[in-house]
Structures are given as C-alpha cells and as structure tokens.
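K.L.:
Just a sequence and a predicted model for now, questions to come.
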Amino acid sequence: MKQESAAAPARRSIAIMMAAALLQCSCAEERATEAPLPVYDVEIAPILARACASCHQGPTPAAGWGVSTFLEVIACAGAAKAPAVRPHDAASPILRVLDTDSHRDLLDASSRAALKAWVLTGARAFRGSVHSPDIADPHAEGWHGKVLREQRWAPMLDANHAEACGRCHEGSPVRPPGVTSAAPRATACTSCHSEPGGALACGTCHGDGKRTYPPRDPCFFPGEDTRAGAHAAHVDGAATSAGSLPCSGCHPMPGNDVISGVHGNGGVEIVFDDRVVGPDPSYDRSTGACAVACHDRGGARARPIWNEVIAMRCGDCHGAPPARHYPGACNQCHVEVDSTGSQLTARTLHMNGRVDLGDGSDTCGACHGSGDDAWPKSAAHAAHAAPTVTTPVACNSCHVVPRDVRDQGHLDGVVAVVFSGRALERSARATWDGRSCHDVACHGAELVDSPPVVPGWSDLSGAARTCDACHRLPPTGHTASGGCDRVECHGSEIIRSGVSLAVSESGKHLHLNGRIDIRPP
C-alpha cells in the first residue's frame, strides 16, 4: 500500500473548495429559458387577421384561401391547390408567397419570423396538455377524425367510454352521466360541425359541410376525388327536380344509431331500392356499370359507368325522340325541354317514372292546343272549335281519338283524317284530299239541291260559313216567305243582325243536327 504524502490532504481540501466555488457561481447565474413554440391561436391568428384578412376572408377569399379559422389557414390555396403550410419548410406556399412582389411588404420582420417559425415547427393549432395539437389537423396522423374512426367512434357515441368526448366538449352526441357542462376552454364540437346534426351530419364523413356526398375535401383527404363518381349528378338534381335523388335509392341507410350495421364499416355497400331505380337493378363493381331503369330507356348509354366524366345527355337514356315517336318539336308536347330535345328547361317532371305531356296533366291540349284546350290553332281548327252556326264540332268527327296517347298510329307524325258522326249524316261519303273536304254532311252534302261545297282547309275567308254556302237560300221548293227569321217557321233560331241573318245561341244546338226543325218546342 502506497503511503499518502503529507501534502495530499491539503490538495484535496483546495479541490473541494474550488468545486464548491464553481458550483456556487453556476447556481447563482440566471439560466435562459426557451421561448414556447408559436401556435396558431395565440401568435399566428392575430398576424394573419391584421395583414391578410382584407383579401383572404369571406365566402370567396382571394386564391380560395381564408384566414378566419385554423382549418382555412392550413387548407389548400392557389391554382395548384397545395396545402398552404406543407411541407413544413421554406417551400410551403404560405412562406413562398411572402417573397412575391404583391406580398413582400405585408409583414414586418418580427411577424415574418413568427410565421416562419410556426410553419417550420409543424404549424400547430394550440398549446395544451390534454390533447396533442395534431388532433385539430386533418393532415396529421393524430387528427381526431382518424383516431375516432380507428375506435369506430366509440368515444363520441358511448357515454360510458373512458375517453368520452362529452366529458369535456359541448356538442358531443352523448354526455356521460353526471356531466352537466363542458370543461373550461374546451372547444365545442359545433364550432366546426355547424350543420344540422352536428358531428353526426352526413357531410362530416361523406362530404364537406353542407354537401353530404363524396368527395371530402381533397386537400385534407388526397385521393378522395376517385370516390366522387356521379354523386353530384344524382344528388344535386342535374337531371331531376331540386329535390334530387335520395341516397336510399342506392345505399342502405342507418337507423337511429348512426353507426350501426354495415354503416361506418369502411366499405361502400350498393343496395338498390327498386321503388326508386326500377325493377331488377344491378351494379358491376369491376366495370362500374349501373343497370337501372333510370337510364335503361332505349337510349345510347343504357348502362353508364359510375366514374365516367361525360355528362348524360338527352338521347343517352331514351331516344331523342324515341323510336316510332311523333317527329315534331319536342316542346310541342313536353314543356320541360327545348324544341330540339337537347336541353332540359325545367326538371319538375323529369324522371318521375311517367311520360308526361304538357304540365303533367296529360290532356290532349298538352300537344294539340294549350292547357285544357285541345284544339290546335292552325288553319280552320278555330272555326270548328267555335263555329258561328252550330255547336263545336267533336274531334272524332274528323279524327280517330285514341284511348291512350301511345295508341298505334297516334304519334307517327301523320295527321289522319277519318270522318265519322256528324260528318257522315244523310249517308254522306266525306273524303279528304289533303287540302279540302269533299261531300261532308256538315257542309250540306246530300241536302236537296245543295251546291257542291268544297271548303278549303286553309281558307280562312269565311266563305264556307255563309248560309248559302251549304244549302240554297231559300232551298229549292221552299215556301216563299218574308225571311228566315219569321217566328212561325223556325222559331227564334234564326235572328237578324243588321241586314244579315245569323243563327242564335239556341239555334246552334239544332242547326246541323241532321233534321229540318220547324217551330221547335
């Protein structure tokens, strides 16, 4: 064993004293503390409100980017639709734009440094000890929507869950027993989920705010546009009335418990309601082709593909016009389409499951006249609809009136003249040559000593409506008299209007009835 020298204790004493002195100096010196990392709700929101809100606020902010909320700030901006604060480095759009001529002088050095530090350190929403700031950022793995989905939304829907949202947050669908109010400064669910239904509104999971169908915001959910398909065309009512097609037409709907059955299982179930889409519907998942009655009406695209970007046109579902259809202008019979059948002008009746004529009342006037008036306005129709010498002529006197609008021959584009009834009185053999009527009883055919009346259909001069156009005045062999309006012969059926004779209203019911009426009772 080596013997310690006499000087050793002294050296140890000095070393201890020096160490104590150094320790004392170290403890006496005030240590610098690190400044907290900037967060949106404390440091950044006031900067953006002060420098950017004049342009980036309201329903249509410049570049599609707003600064009113955290989600608006971290959302996509500009023509490139890139996340404003990602990547979390100098290449992020929110930092790059500060070096452009229009934005270079917007921020002072201190504000610019704070904004840069915020982006570089992750663009956090808040400081807190309960939740990670990631809980408010849909881009982050710790976003509450992703976390809840992994747990099948149990914290949101189960009041007895150990981490039930309702313990702290106002607006949660359920609140644990005994909890009567929200925790201080806890964000209310409805501050973001403001639609009716709150966090359980359809748009929360399927769409974006008021829009209840896919895709979700592609900025926060990349790739969502592949799920969009033809949702907008079906739900926004591009082809139908403003009421749109119900989701239940193609998908099973949840019950009172929103997350129940197959709903919320991560898959997309196609279960057609044949009351909406017609009988025997089907969907081919491999091709995306829909076979539903809505489209399969004999048109060019009877089985459209779900993700096709080509909009459905008139003629795709049904012919425009359909086969064997009347070849006239489409709007002559259908009020919700233009004359060429290429554009809808209204959508109240379209796709209601029927072929509607006119306003949907399906009256003859929908095609031939107007409203309840079935008489066309062409040529001598008006003279037959409201004659001056008799009651209105029935349509079936000159045409075959169909029982159903789709009866054979009714919509073939040919106006067939087939005489019957009053036109064939007195065994008249009425004919039509395409321009004039021949030997029609209404115009005096088979009357004794009647002139050969051949009224032209397009002759609107009134020559065919004079008394002596159909029979002589007075007829051959008639008793000489002082005038046709003598009461003792034809009662009050013939009246004098100035120097002319006319048929009275009561006389119109007797005139052209196939008989010669003398002093009717």
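P.N.:
Yes, it's here. Residues are numbered from 1 along each chain as shown.
K.L.:
And the contacts of stretch 503-519?
P.N.:
Contact with stretch 503-519 is made by 387-391, 422, 425-426, 441-442, 488-495, 520, as judged by CB atoms under 8 Å, 6 or more residues apart in numbering. Every residue, glycine included, has its C-beta placed from N, CA and C.
K.L.:
which of these are buried?
P.N.:
Among those, those classed as buried by 16 or more other CB atoms under 10 Å are 387, 389-390, 422, 425, 441-442, 489-491, 493-495.
K.L.:
could you dump those residues to TSV with pLDDT and distance to Pro46?
P.N.:
Listed next are the buried ones among the contacts of stretch 503-519 as TSV, based on pLDDT from 0 to 100; distance: CB to CB, whole Å:
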residue	pLDDT	distance to Pro46
Pro387	90	85
Val389	88	90
Thr390	90	89
Arg422	87	90
Glu425	88	96
Ala441	90	95
Cys442	88	91
Cys489	78	105
His490	76	101
Gly491	73	99
Glu493	84	96
Ile494	84	97
Ile495	85	94
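K.L.:
Mind checking which of these land in strands?
P.N.:
Ile494, Ile495 (DSSP state E).
K.L.:
Out of the buried ones among the contacts of stretch 503-519, which comes closest to Tyr213?
P.N.:
Pro387 (58.9 Å; CB to CB).
K.L.:
Give the residue spans of the stretch 351-500 of the chain that score low on pLDDT.
P.N.:
Across the stretch 351-500 of the chain, the ranges flagged by pLDDT under 70 are 452, 481-482.
K.L.:
low-confidence ranges in the chain?
P.N.:
Residues of the chain that meet the cut-off, pLDDT under 70, sit at 1-34, 237-243, 452, 481-482, 519-521.
K.L.:
what are the ranges of the helices in it?
P.N.:
8-28, 45-51, 70-74, 93-96, 109-120, 144-150, 154-157, 202-206, 231-235, 274-277, 381-385, 467-470, 487-490, 505-508 (DSSP state H).
K.L.:
which stretch among these comes nearest Gly249?
P.N.:
helix 274-277 (3.6 Å).
K.L.:
which helices and strands sit right next to that closest one?
P.N.:
For helix 274-277, there is no helix or strand it packs on, judged by 3 or more CB pairs under 8 Å, 6 or more residues apart in numbering; DSSP states H and E.
K.L.:
who touches that helix?
P.N.:
Contacts of helix 274-277 (CB under 8 Å, 6+ apart): Leu245, Pro246, Ser248, Gly249, Cys250, Asp280, Pro281, Val292, Ala293, Cys294.
K.L.:
do the same with stretch 489-501
P.N.:
467, 481, 483-485, 502-504, 506-507, 510-511, 517-520.
K.L.:
Looking at neighbours, which among these is most surrounded?
P.N.:
Val503 (21 neighbours; other CB atoms under 10 Å).
K.L.:
Would you check how far apart it and Ile516 are?
P.N.:
14 Å (CB to CB, to the nearest Å).
K.L.:
Ok, Val337 next?
P.N.:
52 Å.
K.L.:
Tally up the residues packed near Ala82, please.
P.N.:
Ala82, neighbours per other CB under 10 Å, totals 16.
K.L.:
before we move on, what about the one 5 residues further on?
P.N.:
Other residues lying near Pro87 total 11 when counted by other CB under 10 Å.
K.L.:
so what's it up against?
P.N.:
No contacts exist for Pro87 under CB under 8 Å, 6+ apart.
K.L.:
try it again with 10 Å
P.N.:
Contacts for Pro87 (CB atoms under 10 Å, 6 or more residues apart in numbering) come out as Val119, Leu120.
K.L.:
nearest spatial neighbour of Ala386, skipping sequence neighbours?
P.N.:
Leaving aside its sequence neighbours, Ala386 sits nearest to Pro392 (CB to CB, 6 or more residues apart in numbering; 6.5 Å).
K.L.:
from what I can see Gly66 touches Cys52, true?
P.N.:
Yes - look at Gly66 against Cys52 with CB atoms under 10 Å: they come within range, at 8.9 Å.
K.L.:
any common contacting residues for these two?
P.N.:
Taking CB under 10 Å, 6+ apart as the contact rule, Gly66 and Cys52 both touch Val73.
K.L.:
Tabulate the helices of the chain (CSV), appending distance to Gly223.
P.N.:
CSV is the format used below for the helices of the chain (distance: least, CB to CB, whole Å):
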stretch, distance to Gly223
helix 8-28, 56
helix 45-51, 29
helix 70-74, 18
helix 93-96, 20
helix 109-120, 24
helix 144-150, 15
helix 154-157, 25
helix 202-206, 15
helix 231-235, 16
helix 274-277, 28
helix 381-385, 63
helix 467-470, 81
helix 487-490, 90
helix 505-508, 77
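K.L.:
what's the closest of those to Pro138?
P.N.:
Closest of those to Pro138 is helix 144-150, at 6.5 Å (criterion: CB to CB).
K.L.:
Relative to the whole chain's centre, how far out is the closest one?
P.N.:
How far helix 144-150 lies from its chain's middle: 32 Å, per CA atoms, centre = their mean, to the nearest Å.
K.L.:
One more: stretch 78-96?
P.N.:
With CA atoms, centre = their mean, you get 35 Å for stretch 78-96.
K.L.:
Counting neighbours, what do you get for the spatially closest residue to Pro376 that is not a sequence neighbour?
P.N.:
The shortest distance from Pro376 to any non-neighbouring residue, by CB to CB, 6+ apart, is to His368 (4.9 Å). Using other CB under 10 Å, His368 has 19 neighbouring residues.
K.L.:
which ones are touching His368?
P.N.:
Contacts were defined as CB under 10 Å, 6+ apart; by that measure His368 touches Gln332, Cys333, Leu357, Ala374, Trp375, Pro376, Lys377, Ser378, His381, Cys395, His399.
K.L.:
Tell me where this structure has strands.
P.N.:
Applying DSSP E to the chain gives strands spanning 76-77, 82-83, 282-284, 289-291, 431-432, 437-438, 494-497, 500-503.
K.L.:
Residues contacting the fourth one, please?
P.N.:
Under the criterion CB under 10 Å, 6+ apart, residues 230, 250, 270, 272, 277-278, 280-284, 295-296, 302-306, 308 lie in contact with strand 289-291.
K.L.:
which ones are touching Ala293?
P.N.:
So Ala293 contacts Asp274, Val276, Val277, Gly278, Pro279, Asp280, Pro281, Cys317, Met351, Gly353 (CB under 10 Å, 6+ apart).
K.L.:
Nearest to His169 among these?
P.N.:
Nearest to His169 among the contacts of Ala293, counting by CB to CB, is Val276 at 37.7 Å.
K.L.:
What is the burial count for the closest one?
P.N.:
Neighbour number of Val276 under other CB under 10 Å is 16.
K.L.:
Check the one 4 residues further on too.
P.N.:
Residues near Asp280, counting by other CB under 10 Å, number 11.
K.L.:
What distance do you get for it to Asp274?
P.N.:
In this view, Asp280 and Asp274 are 7 Å apart by CB to CB.
K.L.:
Quickly list what's touching both of the two.
P.N.:
The contact sets of Asp280 and Asp274 overlap at Val292, Ala293 (CB under 10 Å, 6+ apart).
K.L.:
Got a ChimeraX select line for the buried ones in the contacts of strand 289-291?
P.N.:
Buried subset of these, written as a ChimeraX selection, criterion 16+ other CB under 10 Å:
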select :230,250,272,277,278,281,283,295,296,302,304,306
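K.L.:
Check the separation of the first and last residues in stretch 247-255.
P.N.:
14 Å (CA to CA, to the nearest Å).
K.L.:
next one: that stretch to chain centre, how far?
P.N.:
18 Å.
K.L.:
in that stretch, what's buried?
P.N.:
Cys247, Gly249, Cys250, His251.
K.L.:
re the thing from before, phi, psi for the residue nearest to Ala386 please.
P.N.:
Per-residue torsions, Pro392: phi -50, psi 140 (degrees, to the nearest 10).
K.L.:
quick one: Ser458 and Ala383 touch, right?
P.N.:
No - applying CB under 10 Å, one finds Ser458 not in contact with Ala383, separated by 11.2 Å.
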